[in-house]
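Enquirer: A structural model of the following input is requested.
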Amino acid sequence: MKQRSPRVTRRRFAAIASVVLAAGPVAAPVPVQAAEQVDAAPPPTPAKTVEVVGKLPGEHNPLIGHKFGADGFGFVHGGRVYMYLTNDTQGYAPDPVTGISPQINYGDINQITVISSEDLVNWTDHGEVQVAGPDGVAPFTSNSWAPGMARQVVDGKEKFFLYYANGGSSSNVITAESPLGPWTSERTTTLINGDTPGAEDVAWKFDPAPFVDDDGEEYLYFGGGPASTSMPPAERFNNPKNLRAIELGDNMVSTEGAAVVVDAPVAFEAGHVFKRAGRYYFSYSSHFGGNDFGGNQTPLPGYPGGGQIGYLISDDPMSWPKETYAGVLFPNQSQFFGAGTGGNNHQSVFEFEGRHYFTYHAPTLNKRINGNTTQGYRSPHIQELTFNPDGTIQQVVGTYAGVDQVRNFDPFRVFEAETFGWSKGIATAKLDGGSAQFGPEAPNLVVRDVDDGDWTALSSVDFGDGGARSATAKVRALAAGARIEVRLDDLAGPVVGTVPAGTPTGEWAEVTAELEGVSGVHDVYFTHHGPAGDDLLEIDSWSFAAADAQPELPVTATAQARCLAGRAYLAVRVRNDHDGPVDIALETGYGARSFRDVAPGGYAYRAFRTRATSIAAGSATVRVNGSVDGEDVTTERTVEHPGVDCTGRP
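Expert: Modelled structure (predicted):
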């Protein structure tokens, strides 16, 4: 059961904007208690679960409402957009009483969050990559900020390269054979550091952004921070020369030659390059002045103000003189989202199905949790990027509306339950094993921390003219009487089916609900109900069956490996959820058993004994025969089970 934090809508504390790796206001002072109660119970553990509706139905920004993420880097592969994010959620710890979290601590962040979408509105949570720290993929690094992603064919093999900032001192890269990992490190030292030629005068050797050109040549852009004190004050302010471009080696995990200066006006950090119509665009975040940049001054005419995204246009990816400056691409996000949303920004641009999109972050979810007082926890946003006839960029306007959904959602497949258009009150967690949708090597998450009244929703689900006959969820029940209602178009919309989540407590099973009146395109809400105050269930995946497909016989099936007298056995249990009798056949690697005329609500159960002291994880096959509307129907289910070791050894 989660510790609940009350919704705080107004705070009386004044926020002080920070500009050091900034990203929002400092924490408000916490009142001191008059006296500490002797022998008082310890305070409850802070829960990261977001209890408010952070992404409002109908709106498409922020991209997700159940966790935070910053410095989004958009990457397109295989018909999906992947977003790699600094894991701002890592340090989020709201006070159980006030609902206010301490200010974000960037020094603790050593994970990267990954989400993806095929329509830009419904996003799948792929969890976090433990990049740095003692247990990280690259344990010789301490932090993982501001990720960048690239794909390249190396020695005839497709590979993916995830770059990240190791704090402000250096940058690094890890590799994988898919955009979702698993990840490995080909290096034992950082890629960009004080030994990188041409980067000696760069204060912050971070924010690595890769770019692979059409001809296969590879580049990396990085840098930021205070300007060199050897410059005159006006030059330190207007042209700090703190960003760099360098060529990457063909293996993408080394550099070639020396880094060159990117002379971006009023530059601070977040360099990024994309290409359009044969021209190169370099965008970046501008600084806020102060002693690090020669004092507070007025920028030269046309140059960016504090915390804005400027850009340059060049014909050469390694040549960026100040004369290539083209203007401000995006004003500070506080101009659009109001009090509590200021600070630095970090952007990327990607092309998806013929259109360009601009990513940025803003603490909008943090604001909806706490009101106008935010603690620097940022959320990813996307807006469409449009161009003038001369190739310059039309200035982006930040909105909660976000971008249009590029295609309707296809429900007739197995898809991850942690795919949301919108949500309230839920969290996600990794589960051992691969993903049913993305493959055995991809991370698998489940929806968890589900209480009575919590919900998730999908935007613009296309059931076609023929419609859907049933919905199936893979669930693990944690409380008796839990159920999931399927509703259309609104949280209070009509219930078109109810999924019974009454599986044996703690065991994974597939459960099915018959649907009525489901056709055409609808937003779909999954609303959760059960005993108040209890965690109800966990959900792994969903699928819908088309009305013109063969009917299925609804059953709840589980398989568990257990021990008895030092020997392993496999227990398979099937409940008949149909309204008529069915025949049930169980098949396992340890034997088979058939049951005839199992009554509605009745069970088929068999413990398959083995002579082994342990068995590996595997699956059982369940075949069900019965009648639906006078038609003979056979339904087959595959039920996975974990392994078990009965020797008592650790």
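Enquirer: Pick out the residue closest to the middle of this structure.
Expert: Ile115 (3.2 Å; CA atoms, centre = their mean).
Enquirer: bridging residues for it?
Expert: When bridges are called by DSSP bridges, Ile115 pairs up with Met83, Asp125.
Enquirer: ok, now which ones touch it?
Expert: When contacts are counted by CB atoms under 8 Å, 6 or more residues apart in numbering, Ile115 touches Leu63, Ile64, Gly69, Tyr82, Met83, Leu85, Trp123, Thr124, Asp125, His126, Pro380. Using the backbone N, CA and C atoms, a C-beta is placed for each residue, glycine as well.
Enquirer: repeat for Arg407
Expert: By CB under 8 Å, 6+ apart, Arg407 lies in contact with Glu118, Asp119.
Enquirer: Which stretches in the stretch 1-150 of the chain count as strands?
Expert: When secondary structure is read from DSSP state E, counting those that start in this stretch, the stretch 1-150 of the chain shows strands at 17-18, 24-25, 70-77, 80-86, 111-117, 123-130, 145-154.
Enquirer: could you redo the ones you listed as JSON lines and give each row distance to Phe412 and mean pLDDT?
Expert: Compiled in JSON lines, the strands of the stretch 1-150 of the chain are given as follows (distance: least, CB to CB, whole Å; pLDDT from 0 to 100):
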{"stretch": "strand 17-18", "distance to Phe412": "49", "mean pLDDT": "30"}
{"stretch": "strand 24-25", "distance to Phe412": "43", "mean pLDDT": "32"}
{"stretch": "strand 70-77", "distance to Phe412": "23", "mean pLDDT": "98"}
{"stretch": "strand 80-86", "distance to Phe412": "18", "mean pLDDT": "98"}
{"stretch": "strand 111-117", "distance to Phe412": "18", "mean pLDDT": "98"}
{"stretch": "strand 123-130", "distance to Phe412": "17", "mean pLDDT": "98"}
{"stretch": "strand 145-154", "distance to Phe412": "29", "mean pLDDT": "98"}
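Enquirer: So for Glu351, which of these sits nearest?
Expert: Nearest to Glu351 among those is strand 70-77 (6.9 Å), distances taken as CB to CB.
Enquirer: Mind listing what's buried along the closest one?
Expert: The neighbour-count criterion (16 or more other CB atoms under 10 Å) identifies Ala70, Asp71, Gly72, Phe73, Gly74, Phe75, Val76 as the buried residues of strand 70-77.
Enquirer: before we move on, back to that, so can I have a markdown table of the contacts of Ile115 showing neighbour count and distance to Val624?
Expert: Compiled in a markdown table, those are given as follows (neighbours: other CB atoms under 10 Å; distance: CB to CB, whole Å):
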| residue | neighbour count | distance to Val624 |
| --- | --- | --- |
| Leu63 | 27 | 40 |
| Ile64 | 27 | 38 |
| Gly69 | 27 | 43 |
| Tyr82 | 21 | 39 |
| Met83 | 26 | 41 |
| Leu85 | 29 | 43 |
| Trp123 | 24 | 35 |
| Thr124 | 24 | 31 |
| Asp125 | 25 | 33 |
| His126 | 26 | 34 |
| Pro380 | 29 | 44 |
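Enquirer: So which of those is the closest to Gly466?
Expert: Of all those, Thr124 has the smallest distance to Gly466: 26.0 Å, by CB to CB.
Enquirer: so the closest one makes contact with Phe409?
Expert: No: checked against CB atoms under 8 Å, the pair Thr124 and Phe409 is beyond contact range at 11.2 Å.
Enquirer: Tell me where the model's unsure across the stretch 1-150 of the chain.
Expert: In the predicted model of the stretch 1-150 of the chain, residues 1-45 satisfy pLDDT under 70.
Enquirer: what about 50?
Expert: Within the stretch 1-150 of the chain, the set of residues satisfying pLDDT under 50 comprises 1, 3-38.
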